[in-house]
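1. Let me see the structure of the following:
(2 chains)
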Number of protein chains: 2
Amino acid sequence: MIAASLLLASNIFAQQALQWGAAPAVSPEINADGTVTFRYQNPKAIKVQVTGDFLPPKDVTFNMNGQEMHMQAPGTADLKEKNGIWEYTTDFKVPSEMYNYTFIVDGTNTIDPLNVWVNRDVASLTSVLLVGGGTADNYFIKDVPHGTVSKVWYDSKTAGFDRRLTVYTPAGYETSKTKYPVLYVLHGIGGDEDAWVTQGRAAQILDNLIAQGKAKPMIVVFTNGNISQEAAPLENSTGYNVPTMALPKTMEGTFETAFPEIVNFIDGRYRTIAKKASRAICGLSMGGCHSLYISLNYPDMFNYVGLFSAAIGVSDSSVSPIYQDLDKKLEVLFSKKPALYYIAIGNTDFLYQAKTDYRARLDKAGYPYEYWETDGGHIWRNWRKYLNAYVQKLF
Amino acid sequence: MIAASLLLASNIFAQQALQWGAAPAVSPEINADGTVTFRYQNPKAIKVQVTGDFLPPKDVTFNMNGQEMHMQAPGTADLKEKNGIWEYTTDFKVPSEMYNYTFIVDGTNTIDPLNVWVNRDVASLTSVLLVGGGTADNYFIKDVPHGTVSKVWYDSKTAGFDRRLTVYTPAGYETSKTKYPVLYVLHGIGGDEDAWVTQGRAAQILDNLIAQGKAKPMIVVFTNGNISQEAAPLENSTGYNVPTMALPKTMEGTFETAFPEIVNFIDGRYRTIAKKASRAICGLSMGGCHSLYISLNYPDMFNYVGLFSAAIGVSDSSVSPIYQDLDKKLEVLFSKKPALYYIAIGNTDFLYQAKTDYRARLDKAGYPYEYWETDGGHIWRNWRKYLNAYVQKLF
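-> Numbering: from 1, shown residues only, chains lettered A, B, ... in the order given. Predicted coordinates:
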């Protein structure tokens, strides 16, 4: 009999990582006292640092169209080497949150080879650290009923090809006869239909809030807002295409104009309550801009609108009628009394001023909305929080 | 108006990778002449190599229970540095295939930071190179109707908790009223319900073969054969758990014994043709062992059985009745005349002898089966080929 443990030969790479059964070093390790230890094996490295948003941020200044802009970048900390293993333990309890980090080895960024949890955001891969006991509790898989997450293709007449959506159906969808309300969730520039379920932990947030009775069971549709693209970078018929911010047709109105074809597809495919009272939309950054203009141009489609760190003031009204007549469209939208108009942003977001200008416009006209201002900038940490709050207010 | 390209601030990591809009170096690059170029940016590295299965393999010898075993490991090639960018171009046309590779930087393995396509196999992450124009053509997303790939949870009475499956429903499933045959596809040791759709490209293989009329539309279920585990490593309520070969209860009969609960769940949830004639099973390595014993112990369940590099002779008959009375069970199975009993293996697979012994047993009793022997060893390259061949023979 061959011992099962020797079946490791299944993949030579796997073998190497598993060191033929030897216990590998652990990284990251969440210690009993709430600190976190990072480890990196590399006897030849000269300097190893960890950078991530669990560390106090550094201020970064950059120039944008002649204007000095400020934002915060993740801090760094040095690892110390002993017997070829580099190690760093935080000197503070790491608060509950989902963090991204990488090592900087002799100046070059690398993911943590001991941590298989890697998320892609646009063109970057980073390792993930998830710390429970607070804010991040709803980002964990828990022992609650789980919804189904599907990758679904629809025929986009506008694009001229099939495009991919991620669809969450709540636990019980398949066995009930009920119709469900639908939330559409839109990503930011450089993102795609994967972003909210990987970086955004949206399926876990929904599973947990529904199980806690804090959110209604709902169908959630994560669209791909890059209308020139079939799907996430690895799922295109064009083969390799490196994710880029410079995709054509992301902010020129086509995606927004074509949004009804997605809503019609979803209403045709799923047991939805196909009316405004049971439809919500929200989006982050570019997706906030998209949500803003989709809701304005189709004022009978959504009863709930959520703008998370929205890229307001970015769209060029000359490129599409969808971006024109803002005041007139706002008047129509608010005359129809949406159940919720929700704006959330971090106090160091580089789009803070644009949001302030937009709020002034709403205030001047007396349009009601909810506003939540958090710490921090234009980051996933905030967007997960906003989604977690927003879905509790729906339907 | 703020230029859309400056919205990169959405993530500080993304910004760094995208270099604020500068064109990054490309890696891997498939050149017009069929060679492939790898690039790695790191001015401080002293030695950079690439290792991957696109290179001629090296022979590796290891000792297993006192017996000298041979297998092949991916070769290596040196990158040369110029202005901080390391580069290597193959001196041969790289044949059509899906490859895994990593860089070795001063002795330490690292994924290719310029390639966002990373697959996890057990506990290792490797970069992916997909070359078309031959064998790998069915591994590409093509402009054909796409099936839906869903992550679905079922209540496992045996495990005592919910467990996750990956389910492929063919294009047209949602709009037709038809019932479909079902193929169950099982992973190897250290794998999980993700393996066949990431490393295995199973959804693309099915989409393409069905579109070509070479495979019948079918539902395909990718199980998780580690009965002690809810789901793939990042989708467990236990939070972080590093993938390991040493999971309990993978080869002691529980998964095989409990298999009907999965079949019943699928028959209840999906529009299946719920009978033997329309059910198939196959698996690689440990999943080949599972497929062998599931089909033997439930001889009225599957009309098609596929054993890919199967871990035959590995199971310990003393741990479960499921592994006992092999000859008697084979007699019952073959008396019921399965439509296909299919065995495939590579000629350098370390399980080659075990397969030869098993074939001798079948031959001696006169049981009919199909046999395909390929080049190479216990590797994904072969398992994708076997799946591609096997599904064409079903239903």
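
2. quick one, domains of chain A?
-> Following automatic domain parsing, one finds the domains of chain A at A:19-133, A:142-393.

3. pLDDT weak spots in the stretch 101-250 of chain A?
-> Applying pLDDT under 70 to the stretch 101-250 of chain A flags residues A:239-246.

4. mean confidence for whatever helix or strand A:I262 lives in?
-> Per DSSP states H and E: A:I262 is located in helix A:259-269. Mean pLDDT, computed over helix A:259-269, is 98.

5. Look at stretch A:282-301 and report the distance between its end residues.
-> The first and final residues of stretch A:282-301 sit 13 Å from each other (Cα to Cα, to the nearest Å).

6. List the buried residues of that stretch.
-> For stretch A:282-301, burial by neighbour count (16 or more other Cβ atoms under 10 Å in any protein chain shown) applies to A:282-299, A:301. From N, CA and C alone the C-beta is placed, and that goes for glycine too.

7. before we move on, back to that, show me what the helix or strand following the helix holding A:I262 is packed against.
-> For helix A:259-269, the following helix or strand on the C-terminal side (DSSP H and E) is strand A:279-284. With contacts taken as 3 or more Cβ pairs under 8 Å, 6 or more residues apart in numbering or on different chains; DSSP states H and E, strand A:279-284 sits against strand A:182-186, helix A:286-297, strand A:304-308, helix A:380-390.

8. run the last query once more with 7 Å
-> Counting contacts by 3 or more Cβ pairs under 7 Å, 6 or more residues apart in numbering or on different chains; DSSP states H and E, strand A:279-284 packs against strand A:182-186, helix A:286-297, strand A:304-308.

9. what ranges do the strands span in the stretch 1-150 of chain A?
-> In the stretch 1-150 of chain A, the strands defined using DSSP state E, counting those that start in this stretch lie at A:29-30, A:36-41, A:48-52, A:58-64, A:67-73, A:75-78, A:80-82, A:85-89, A:97-105, A:108-110, A:118-121, A:124-131, A:148-156.

10. Now tabulate those strands in CSV and tack on mean neighbour count and distance to B:R164.
-> As requested, the strands of the stretch 1-150 of chain A are arranged in CSV below (neighbours: other Cβ atoms under 10 Å in any protein chain shown; distance: least, Cβ to Cβ, whole Å):
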stretch, mean neighbour count, distance to B:R164
strand A:29-30, 16, 24
strand A:36-41, 21, 27
strand A:48-52, 23, 28
strand A:58-64, 11, 39
strand A:67-73, 13, 36
strand A:75-78, 14, 36
strand A:80-82, 11, 39
strand A:85-89, 18, 33
strand A:97-105, 23, 20
strand A:108-110, 21, 30
strand A:118-121, 22, 19
strand A:124-131, 24, 18
strand A:148-156, 20, 10
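
11. need these in JSON lines with distance to chain B, can you?
-> Below are the strands of the stretch 1-150 of chain A laid out as JSON lines (distance: least, Cβ to the nearest Cβ, whole Å):
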{"stretch": "strand A:29-30", "distance to chain B": "8"}
{"stretch": "strand A:36-41", "distance to chain B": "7"}
{"stretch": "strand A:48-52", "distance to chain B": "9"}
{"stretch": "strand A:58-64", "distance to chain B": "5"}
{"stretch": "strand A:67-73", "distance to chain B": "5"}
{"stretch": "strand A:75-78", "distance to chain B": "11"}
{"stretch": "strand A:80-82", "distance to chain B": "13"}
{"stretch": "strand A:85-89", "distance to chain B": "11"}
{"stretch": "strand A:97-105", "distance to chain B": "6"}
{"stretch": "strand A:108-110", "distance to chain B": "5"}
{"stretch": "strand A:118-121", "distance to chain B": "5"}
{"stretch": "strand A:124-131", "distance to chain B": "4"}
{"stretch": "strand A:148-156", "distance to chain B": "4"}
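
12. can you list the residues that contact the helix holding A:I262?
-> A:154, A:156-158, A:182, A:221, A:223, A:272, A:274, A:294, A:298, A:301, B:174 (Cβ atoms under 7 Å, 6 or more residues apart in numbering or on different chains).

13. ok, the residue nearest to A:P56 when sequence neighbours are not counted - contacts?
-> Distances taken as Cβ to Cβ, 6 or more residues apart in numbering or on different chains put A:G75 closest to A:P56, at 5.0 Å, once the chain neighbours are dropped. Shown in contact with A:G75 (Cβ under 7 Å, 6+ apart): A:T51, A:L55, A:P56, A:P57, A:K58.

14. The longest helix seen in chain A - what's its average pLDDT?
-> In chain A, assigned by DSSP state H, the helix with the most residues is helix A:352-365. On average, the pLDDT along helix A:352-365 is 96.

15. Can you dump the C-alpha atoms of it in CSV for me?
-> Taking C-alpha atoms only, helix A:352-365 is exported to CSV below (Å, rounded to 0.1, in the frame of the first residue of the first chain):
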residue,chain,number,x,y,z
TYR,A,352,-14.4,64.6,-1.2
GLN,A,353,-14.8,68.1,-2.7
ALA,A,354,-16.7,66.8,-5.7
LYS,A,355,-19.1,65.1,-3.3
THR,A,356,-19.4,68.3,-1.3
ASP,A,357,-20.3,70.3,-4.4
TYR,A,358,-22.9,67.6,-5.4
ARG,A,359,-24.4,67.7,-1.9
ALA,A,360,-24.7,71.5,-2.1
ARG,A,361,-26.6,71.0,-5.4
LEU,A,362,-29.0,68.6,-3.7
ASP,A,363,-29.4,70.7,-0.6
LYS,A,364,-30.1,73.9,-2.6
ALA,A,365,-33.0,72.1,-4.3
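
16. for A:T51, which residues make a bridge with it?
-> Taking DSSP bridges as the rule, A:T51 bridges to A:T76, A:T102.

17. quick one: contacts for it?
-> Residues in contact with A:T51 (Cβ under 7 Å, 6+ apart) are A:P74, A:G75, A:T76, A:Y101, A:T102, A:I104.

18. try A:G84
-> By Cβ under 7 Å, 6+ apart, the contact list for A:G84 reads A:Q41, A:N42, A:P43.

19. check contacts around the first one.
-> If I follow you right, that is A:Q41. Counting by Cβ under 7 Å, 6+ apart, A:Q41 has contacts A:A25, A:G84, A:I85.

20. among the helices and strands packed on strand A:279-284, which is nearest chain B?
-> For these, distance to chain B was read as Cβ to the nearest Cβ. The smallest value, 6.2 Å, belongs to helix A:286-297.

21. does any part of that closest one sit near chain B?
-> Yes: interface with chain B: helix A:286-297 contributes A:M286 (Cβ under 7 Å from any Cβ of the partner chain).

22. for that helix, packing partners?
-> Against helix A:286-297 (3+ Cβ pairs under 7 Å, 6+ apart) you get strand A:182-186, helix A:254-257, strand A:279-284, strand A:304-308, helix A:326-335.

23. is it possible to export these to TSV including distance to A:W380?
-> Shown next, in TSV, are the helices and strands packed on helix A:286-297 (distance: least, Cβ to Cβ, whole Å):
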stretch	distance to A:W380
strand A:182-186	13
helix A:254-257	21
strand A:279-284	8
strand A:304-308	10
helix A:326-335	28
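
24. about what we covered before: distance to A:Y371 added to the helices and strands packed on strand A:279-284, as JSON lines?
-> Below are these laid out as JSON lines (distance: least, Cβ to Cβ, whole Å):
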{"stretch": "strand A:182-186", "distance to A:Y371": "20"}
{"stretch": "helix A:286-297", "distance to A:Y371": "14"}
{"stretch": "strand A:304-308", "distance to A:Y371": "10"}
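
25. how many other residues sit next to the closest residue to A:Y180 other than its chain neighbours?
-> Using Cβ to Cβ, 6+ apart and skipping residues adjacent in sequence, the residue nearest A:Y180 is A:I219, 4.9 Å away. For A:I219, the count of nearby residues is 24 (other Cβ atoms under 10 Å in any protein chain shown).

26. which ones are touching A:I219?
-> A:V167, A:Y168, A:T169, A:Y180, A:V182, A:Y270, A:T272.

27. Of all pairs in those, which one is the farthest apart?
-> A:Y168 and A:T272 (12.9 Å; Cβ to Cβ).
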